[in-house]
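Peer 1: structure for the following, please:
(one chain, ligands or ions: 2)
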Amino acid sequence: MEANHRIARISAHLHPTNPQMEREQSVLRREGCRAKGGAPGFKVAILGAAGGIGQPLAMLMKMNPLVSVLHLYDVVNSPGVTADISHMDTGAVVRGFLGQQQLESALTGMDLVVIPAGVPRKPGMTRDDLFNINAGIVKTLCEGIAKCCPNAIVNLISNPVNSTVPIAAEVFKKAGTYDPKKLLGVTMLDVVRANTFVAEVLGLDPREVDVPVVGGHAGVTILPLLSQVKPPCSFTPEETEYLTKRIQDGGTEVVQAKAGTGSATLSMAYAAVKFADRCLRGLRGDAGIVECAFVASQVTELPFFASKVKLGRGGAEEVHQLGPLNEYERAGLEKAKKELEASIQKGVSFIRK
Ligand SMILES: NC(=O)C1=CN([C@@H]2O[C@H](COP(=O)(O)OP(=O)(O)OC[C@H]3O[C@@H](n4cnc5c(N)ncnc54)[C@H](O)[C@@H]3O)[C@@H](O)[C@H]2O)C=CC1
Ligand SMILES: O=C([O-])CC(=O)C(=O)O
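Peer 2: Residues are numbered from 1 along each chain as shown. Ligands and ions are numbered 1, 2, ... in the order given. Have a look, this model is predicted:
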């Protein structure tokens, strides 16, 4: 008898003749379901979730067992992405938020906010050419974070990272919520690329390779430390030149291959989830979590710099020194610092002006 009722209900749900009838006939609706979420885990928001990076990033975050709640925010298309991702049978509860008026709801209570919102490059552009549009987007989103989840860890992906991280810091300072340990510019894709390209040259599995990449996230500011590769190895001058250039130009390689349709999205989503997962493990209190990120730093005379950081309950709890550099890397560091200084200043001035 009960089974007949259930079939009648399902049939009404599958073959509604009109929405009114559907409402009357389908006894069990989503609001009536028993699941309310609340499994142990972290609450994560993605801002720019409907974009080229945002969509695969949302999918991969939904697969992460450390995530209990996933908020997907964008100014377009987030309802569709949310409906789609929410059907995946993994633990995280997914909610969608559309447009500026829903930003605060998207952010309230979040432990980690990942930001891939903003325009990508087209061939012939530098990352700095994105500044005029993306600076304002990052400013608005960070004002929301300062108001609604000031203690959240922020993973900032939007370019130019060398300027958007200083922008975010200035917004948080203005709001009185700035915790330098909790603001991390995502440079993980540089490390992911470096591991891949170095593994190719050495004939190793990329999963066995660890290349520190320091400095920043644009052109010569991307400084792979090939003298510190693990497992220990050595390179000829030609290999060093080839690898350094390929890692620095990795983004441009993808922009050119995509021929006007955007920049790295899939490898970036992979890198962002890898990095976010490490941040969540740190938040959980796991020991020994160390990754490269662009953070407030005293490693050089610049106020921000990418290097290895120890991730813990408080975010980037320790910023590691660069370690011994060879002559090639020392020359690269000088070039990187010169460009970085200008990019950082540009970000700071955007808010202080
Ligand atoms: N840090 C890194 O290593 C990398 C950074 N990027 C950067 O990530 C950013 C996003 O790239 P894609 O996803 O390919 O671009 P996309 O254009 O495909 O997606 C961007 C998304 O941001 C959304 N958006 C725009 N304004 C917004 C706002 N005010 N609030 C919320 N969302 C907003 C758009 O609606 C769109 O869905 C670009 O700035 C790109 O340069 C890209 C690859 C690597
Ligand atoms: O190159 C770009 O514009 C996107 C990016 O940051 C990367 O792929 O590293």
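Peer 1: tally up the residues packed near the nearest residue to residue 125 once chain neighbours are set aside, please.
Peer 2: In space, and not counting its chain neighbours, residue 125 is closest to residue 255: 7.7 Å by CB to CB, 6 or more residues apart in numbering. C-beta here means a position set from N, CA and C on the backbone, and glycine is covered the same way. Look at residue 255: counted by other CB atoms under 10 Å, it has 22 neighbours.
Peer 1: now residue 255: how far from residue 61?
Peer 2: 25 Å (CB to CB, to the nearest Å).
Peer 1: one more: residue 102?
Peer 2: 19 Å.
Peer 1: follow-up on the earlier one: and the residue nearest to residue 125, that one's in a strand?
Peer 2: No. Assignment of residue 255 by DSSP: H, G, I helix; E, B strand; the rest coil gives helix, placing it outside any strand.
Peer 1: helices or strands up against the regular element (helix or strand) spanning residue 343?
Peer 2: Element membership for residue 343 (DSSP states H and E) is helix 327-352. Packing partners of helix 327-352 (3 or more CB pairs under 8 Å, 6 or more residues apart in numbering; DSSP states H and E): helix 131-148, helix 161-175, strand 213-215, strand 222-224, helix 237-248, strand 304-312.
Peer 1: average pLDDT across it?
Peer 2: For helix 327-352, mean pLDDT is 98.
Peer 1: near ligand 1, which residues of the stretch 251-353 of the chain?
Peer 2: Counting by CB under 6 Å from any ligand atom, the residues of the stretch 251-353 of the chain close to ligand 1 are 262-265, 268.
Peer 1: can you list the weak-confidence ranges in the protein?
Peer 2: Along the chain, the model assigns pLDDT under 70 to residues 1-26, 33, 35-39.
Peer 1: can you map out the helices along it?
Peer 2: In the chain, the helices defined using DSSP state H lie at 2-14, 19-25, 54-62, 78-86, 103-107, 131-148, 161-175, 188-202, 237-248, 250-258, 266-284, 327-352.
Peer 1: list of residues touching the third one?
Peer 2: This means helix 54-62. 44, 46, 48-49, 67, 70, 72, 74, 81, 85, 88, 90, 92, 94, 114, 116-117, 265-266, 268-270, 272-273, 276 (CB atoms under 8 Å, 6 or more residues apart in numbering).
Peer 1: hmm, back to that, out of the helices and strands packed on helix 327-352, which is closest to ligand 2?
Peer 2: helix 161-175 (7.2 Å; CB to the nearest ligand atom).
Peer 1: is that closest one positioned near ligand 1?
Peer 2: Yes. Among the residues of helix 161-175, residue 161 lie within reach of ligand 1 under CB under 6 Å from any ligand atom.
Peer 1: sorry, back to before: residue 268 is in contact with the residue nearest to residue 125, correct?
Peer 2: No. Assessed by CB atoms under 8 Å, residue 255 is found out of contact with residue 268, at 12.0 Å.
Peer 1: write out the residues of the stretch 1-150 of the chain neighbouring ligand 1.
Peer 2: Checking the stretch 1-150 of the chain against ligand 1 by CB under 6 Å from any ligand atom, the hits are 47-48, 50-54, 74-76, 116-121, 130, 134, 137, 140-141.
Peer 1: residues of this structure that sit close to ligand 2?
Peer 2: Near ligand 2, when you scan the chain using CB under 6 Å from any ligand atom, you find 120-121, 127, 159, 189, 250-252, 254-255, 263-264.
Peer 1: in ChimeraX, how would I select just the buried ones from the residues you listed?
Peer 2: In ChimeraX syntax, the buried subset of those is picked out as below (16 or more other CB atoms under 10 Å):
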select :120,121,127,159,189,250,251,252,254,255,263,264
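Peer 1: of the residues of the chain next to ligand 2, just say which sits nearest to residue 283.
Peer 2: Closest approach to residue 283 among the residues of the chain next to ligand 2 (CB to CB): residue 189, at 21.7 Å.
Peer 1: can you report how many residues neighbour the closest residue to the closest one other than its chain neighbours?
Peer 2: Once flanking residues are discounted, residue 189 sits nearest to residue 271: 4.1 Å by CB to CB, 6+ apart. Counted with other CB under 10 Å, residues neighbouring residue 271 total 22.
Peer 1: mind listing what residue 271 touches?
Peer 2: With CB under 8 Å, 6+ apart, residue 271 has these contacts: 186, 188-189, 191-192.
Peer 1: let me know the closest of these to residue 214.
Peer 2: Closest to residue 214, out of all of those and judged by CB to CB, is residue 191, at 10.0 Å.
Peer 1: contact partners for the closest one?
Peer 2: 211-213, 271, 291-292.
Peer 1: max pairwise distance over those: which two?
Peer 2: Going by CB to CB, the pair spanning the contacts of residue 191 furthest: 212 and 271, at 15.0 Å.
Peer 1: I'd say residue 174 and residue 351 touch.
Peer 2: Yes. At 6.8 Å, residue 174 counts as touching residue 351 under the criterion of CB under 8 Å.
Peer 1: cool, thanks, talk later.
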